[in-house]
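*Asks:* could you look at this predicted model? Sequence included:
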Amino acid sequence: MAEFKPANTGSSIDMKGYLHKWTNYFKGYQKRWFVLSNGVLSYYRNHSEMSHTCRGSIRLQGAIIHADESCTFALSNSGSNTFHLKAANEAERQKWITAIELAKSKVIRQQDLEDEEEYDNNAGDSSDNKNIDEMIKSLTSKFNGVQTCTELLTRHYTALTKAIADTEPTISTASEKPQEVTAKIKALNERSALFRLTSGAVLRAATDYLHLVEKDGKRWLKQMTYEHEQRGRLQQMVEQLARQHSSLEQAAKFRVSKLPNSSTGTSAHSDDDEGEFYDAQDENEFVVQVPLIGHRRSSSGISFTSLASEGRGAGVENEGESSSDNEEGDTTISVIARRNKSPIAAAEDVAVSNGTVAPVTSSSAMPAAKKRQRRTRIPDKPYKPLNLWSIMRNCIGKELTKIPMPVNFSEPLSMLQRLVEDYEYSEILDKAAMASDSCEQLAYVAAFTVSSYATTSNRTAKPFNPLLGETYELDRTDDLGWKCISEQVSHHPPVVAQHCESKNWICHQEFSMTSSFKGKYLQVKPLGMTHLTFLSSGNHYTWRKVTTNVNNIILGKLWVDHHGDMEIVNHKTGDKCALKFIPYSYFSPSEQRKVTGAVMNAKGEVVWVLNGTWDNKMEASKVAEKRSQVKGKQVLETEAPVVVWQRRWPPLEAEKYYNFSEFACQLNELEEGVAPTDSRLRPDQRLMEEGDWDQSNEKKESLENKQRATRRARELEAELAAQEGRPVPQYEPIWFKKEMEPITNSVHHLYKGGYWECKEKQNWSVCPDIF
């Protein structure tokens, strides 16, 4: 955004005066005082405001001028800021446009000079820089030669023209003055010869310059490609070294933990001492970082009593709120987990970790005989090298908001389908529904929230942005016991509403996000909240997603990391779970992609401890007893951990088809009877899955243009309604309605019903034509 500053009357003001600026549909154009100074166009309510209050400004560097009618024009800065202006007459408008163009070119020239100075200051003495300097000197020399020859050619052309003009009058008197005519013709021939020689020199110099540019251009391209590959290899080497370092450190810790304890091996103990230290040999100690969160307080004012002895009691916090980047106020808990399991429990854990135990299925699933046969993979991803020059060429002359993003950066799924992947491990919710204890149920819910991030460990492509009104349904009642409907309910900002229901639970969410580019990575902060209700117990849970970073945006291999704090609240019982996603670090001694947390009851006492990684598995350990503090840390002794979530890894050949899991491959499978707005019927996405990327790009641009035309028509209708005094019509989603959510007292898009009934009747008359 531009930096708003009041105009200084002592600075270099290029132009100032009154113009009419468009404000809104109700007030129309309003008279404002505009000042053009130092490459910035600022405006004020009147002349007297220049010393203290600036109403807005726009930087001219990169700005585009649109001249519409005789007296109006628009000035936009990369689509983020636009002034619609109106002058008193056409001459006044032309005067302002000329002044703005001159100021813009001045700013661009100044920026180019600053860039050149910065490059000269940063240039080193390496051999690559020397080679570049030599190439630049050669190009400059050749270009100067072309320029010199061109100047000579211009002079000889002028002389030749003059000689022709002098010869024409003497032709008529050739019989009277033959010697003069001969001299003129001789001079003309000399000038013609010089012009011919100079033309040849210009042609040769231009040819040499062209050959040199082509040769050096290839060298530059080769050098850039080599540097890009070298940086990629270095990045892979650093990542591999970091992984090896972490593995070696974990192996060393494991071996140290297996060494016998000298104090227990040489000392004599009583029967009680032997009973006390017998389990210690099978214990495994680890550390859990828990963000301090607010809890409902009892009438006695007790909150988070398990940590009160540390003097860091939690304060009151609004229900349902969480922070994704709160690094302050964390507490560390030392957890001692007993490992002396029974043979049956140990065998079960081994089977789960190896993936040999079948996932828990919903009790609402239909018999196996009625299950639909679904596909297990999609067509292989074609090899399409990305040509950045062709992309840039297609972007010339277009506004930033109208530049289509090629499908080369995407995967053949929409954001609606990607969000449904949250339910890939829905068997965790089915198991949670059977839990009799609310804290145990909350531990399973926490594992379910972590499982939704697993697919991002090896998938970095972006999904297709849904069109306004686009929907997606997935009915898996025959095998998984649930069905889901999603809809794009807003386009600016993009918002997705989703409703999923099972026999045992109902889950709905509203998803949006904000993104910001941080130089080396793209940071995505999800907005909206997820609600989960278990029908038998009435327990209602809410949580928000954590922050996501997409790294190596400019150079290197893309990889995704999640970090921040997540708070899961049971609004019926007051139980809470605090999860901490620890950010990735090359030099961290702990396991990467780690997630730790604790489940606390309404009194603030830690009941369950969670530990694992968001790309592999999560374990939950029930607290058996609390020990005294050791080195200022709360120490909890837990029972043997239970694997509450284990990832099902995709096959090795999944790299050929976008690293999709089997569940992801089934999301875009064609089905009969779906709504005409369903993502499966989106043509550009279907063409990409089939490998026809060129046709997909063309169709994608066509769909986006159609959506813009629909939006312009809607805006025109709103403008006409405002002029006529009628209520301005607002876009209304088809299957969702914005209402007050009673649990959190916040506005939320809730499913209003009717979709599955319309599907049964095959009555889709309410659906818009978006494809």
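*Replies:* Cool, got the structure. Numbering: from 1, shown residues only.
*Asks:* which stretches of the stretch 401-550 of the chain have low pLDDT?
*Replies:* Counting by pLDDT under 70, the stretch 401-550 of the chain shows low-confidence ranges at 401-404.
*Asks:* can you give me the helices in it?
*Replies:* Remark: helices assigned in the stretch 401-550 of the chain by DSSP state H, counting those that start in this stretch are 415-420, 427-433, 438-451.
*Asks:* distance to residue 753 and mean neighbour count added to the ones you listed, as a markdown table?
*Replies:* Where C-beta positions appear, they are placed from N, C-alpha and C, glycine not excepted. Below are the helices of the stretch 401-550 of the chain laid out as a markdown table (distance: least, C-beta to C-beta, whole Å; neighbours: other C-beta atoms under 10 Å):
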| stretch | distance to residue 753 | mean neighbour count |
| --- | --- | --- |
| helix 415-420 | 19 | 24 |
| helix 427-433 | 22 | 22 |
| helix 438-451 | 25 | 25 |
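*Asks:* reformat those as TSV; add distance to residue 224.
*Replies:* Converted to TSV, those look like this (distance: least, C-beta to C-beta, whole Å):
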stretch	distance to residue 224
helix 415-420	34
helix 427-433	48
helix 438-451	41
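*Asks:* for the chain, what spans make up the helices?
*Replies:* 90-122, 127-171, 178-258, 262-266, 271-278, 343-353, 388-395, 415-420, 427-433, 438-451, 662-665, 683-689, 693-724, 755-761 (DSSP state H).
*Asks:* indicate which one of these is closest to residue 522.
*Replies:* In terms of C-beta to C-beta, the element of the helices of the chain nearest to residue 522 is helix 415-420, at 15.6 Å.
*Asks:* how about residue 496: what's its closest non-neighbour residue?
*Replies:* Excluding its sequence neighbours, the residue lying closest to residue 496 (C-beta to C-beta, 6 or more residues apart in numbering) is residue 511, at 4.6 Å.
*Asks:* what about the one you found, distance to residue 581?
*Replies:* Computed as C-beta to C-beta, to the nearest Å, the residue 511 to residue 581 distance reads 18 Å.
*Asks:* got it, and residue 515?
*Replies:* 18 Å.
*Asks:* and residue 149, by the same measure?
*Replies:* Distance, residue 149 to residue 581, by C-beta to C-beta: 66 Å.
*Asks:* then residue 770?
*Replies:* 36 Å.
*Asks:* neighbour count winner among those two?
*Replies:* Using other C-beta atoms under 10 Å, the more surrounded residue of residue 770 and residue 581 is residue 581, with 25 against 19.
*Asks:* and of the helices of the chain, who's closest to residue 607?
*Replies:* Closest among the helices of the chain, using C-beta to C-beta: helix 438-451, at 4.3 Å.
*Asks:* show residues contacting the closest one.
*Replies:* For helix 438-451, the external contacting residues (C-beta atoms under 8 Å, 6 or more residues apart in numbering) are 424-426, 428-429, 431-433, 435, 530, 532, 534, 537, 539, 541, 543, 566, 568, 570, 572-573, 575-577, 579, 595, 597, 599, 601, 607-608, 610, 612, 614, 618, 620, 622, 644-645, 647.
*Asks:* quick one: low-confidence residue ranges for the stretch 651-771 of the chain.
*Replies:* By pLDDT under 70, the stretch 651-771 of the chain contains no weakly predicted segment.
*Asks:* how does it look with 90?
*Replies:* 651-655, 693-694, 696-698, 700-701, 704-705, 707-731, 740-747, 771 (pLDDT under 90).
*Asks:* hang on, the earlier thing: just the ones of the contacts of helix 438-451 in strands?
*Replies:* Counting by DSSP state E, the contacts of helix 438-451 place 530, 532, 534, 541, 543, 566, 568, 570, 576-577, 579, 595, 597, 599, 607-608, 610, 612, 618, 620, 622, 644-645 in strands.
*Asks:* what about burial for those residues, which qualify?
*Replies:* 530, 532, 534, 541, 543, 566, 568, 570, 576-577, 579, 595, 597, 599, 607-608, 610, 612, 618, 620, 622, 644-645 (16 or more other C-beta atoms under 10 Å).
*Asks:* give the contact list for residue 707.
*Replies:* If a contact means C-beta under 8 Å, 6+ apart, then residue 707 has 467-468, 491, 770 as its contacts.
*Asks:* let me have the residues you listed in TSV, extended by distance to residue 229.
*Replies:* Formatted as TSV, the contacts of residue 707 follow (distance: C-beta to C-beta, whole Å):
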residue	distance to residue 229
467	38
468	42
491	40
770	42
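*Asks:* among these, which two are most distant?
*Replies:* Among the contacts of residue 707, the pair separated by the greatest distance (C-beta to C-beta) is 491 and 770, at 10.9 Å.
*Asks:* who touches both of the two?
*Replies:* 467-468, 707.
*Asks:* from those residues, pick the one nearest residue 24.
*Replies:* Nearest to residue 24 among the shared contacts of residue 491 and residue 770, with distances taken as C-beta to C-beta, is residue 468, at 22.8 Å.
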